[in-house]
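> quick one: sequence plus predicted model below, questions after.
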Amino acid sequence: MFSIILLVITLPLLLVTAVAIKLNSKGPVIFRQARVGRNQELFTCYKFRSMYDGVSQETHQNYVCHLIAGTLEKGKDQMVYKASGDPRITSVGRFIRRLSIDELPQLINVIKGQMSLVGPRPVVHYEVQYYDKEMLERFSIKPGITGLWQVSCRSTLNYKEMIDLDILYIKRWSFLLDLKIILKTVFVVLKSF
């Protein structure tokens, strides 16, 4: 119910963002991608498109696979999940990513029961091939729009530390922890302005 209320409240922002994306570059407003959810089931995750339409995901796949494996060249964003200076990202895309506006369509995933507001980040299938048994624990609950690692110095954590925070969240889950993460998310987003 709370997700529906959030969707209604953010509707003006969603409409303005959709228009900005459409005016900025050709292609659909919503980006759809298969993600791995609870019990490793695939679902279609919705986001505002922040990249040029039709760009290859190979760049991200290579980057993330090297990041997880710990084989990135020295000085190549070794602690950052998203590579900086990615030329595939549009000017509107940079803005909506910085403020996490690109994530808002995931409220639809929450309403559909595929995600929750708080939980581990929904991952792309090619990441899972590098997981050990302990890392797979993050699939024991629904992924979330925001989570513990997103509000915990996310730009300074390596991939293993991000997974460790997801698992820590699962082990310490409580309604109060979710509330704290949601409030911290609002603070982190406002700080980005």
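That came in fine, so what should we check first?
> quick one: list the elements packing against the lowest-mean-pLDDT helix or strand in the chain.
None of the helices or strands of the chain scores lower by mean pLDDT, DSSP states H and E than helix 58-69, at a mean of 81. On a contact count with 3 or more CB pairs under 8 Å, 6 or more residues apart in numbering; DSSP states H and E, helix 58-69 meets helix 125-128, helix 159-171. C-betas here are computed from N, CA, C, even on glycine.
> got the contact list for the most centrally placed residue in the chain?
Taking CA atoms, centre = their mean, the centroid of the chain lies closest to residue 121, which sits 5.6 Å from it. Contacts for residue 121 (CB atoms under 8 Å, 6 or more residues apart in numbering) come out as 143, 144, 147, 149, 150, 162, 166.
> residue 46 - that's part of a strand, no?
Yes. Counting by DSSP: H, G, I helix; E, B strand; the rest coil, residue 46 is located in a strand.
> next, count neighbours for it.
Residue 46 has 20 neighbouring residues, counting by other CB atoms under 10 Å.
> any idea how far it is from residue 127?
Distance of residue 46 to residue 127, computed by CB to CB, to the nearest Å: 19 Å.
> how about residue 54?
On the measure of CB to CB, residue 54 and residue 127 end up 22 Å apart.
> neighbour-wise, which of those two wins?
A count of neighbours by other CB under 10 Å puts residue 127 above the other of residue 54 and residue 127, at 19 against 8.
> what sits closest to the more buried one if chain neighbours are left out?
Excluding the flanking residues, the one nearest residue 127 by CB to CB, 6 or more residues apart in numbering is residue 64, at 5.9 Å.
> so how far is residue 146 from that neighbour?
With CB to CB as the criterion, residue 64 and residue 146 are 20 Å apart.
> wait, residue 128 touches residue 37, no?
No. Look at residue 128 against residue 37 with CB atoms under 8 Å: they stay out of range, at 11.3 Å.
> and those two? which has more neighbours close in?
Comparing residue 128 with residue 37 by other CB under 10 Å, the one with more neighbours is residue 37, at 22 against 15.
> part of a helix, is residue 33?
No. Assessed with three-state DSSP, residue 33 is strand; it does not lie in a helix.
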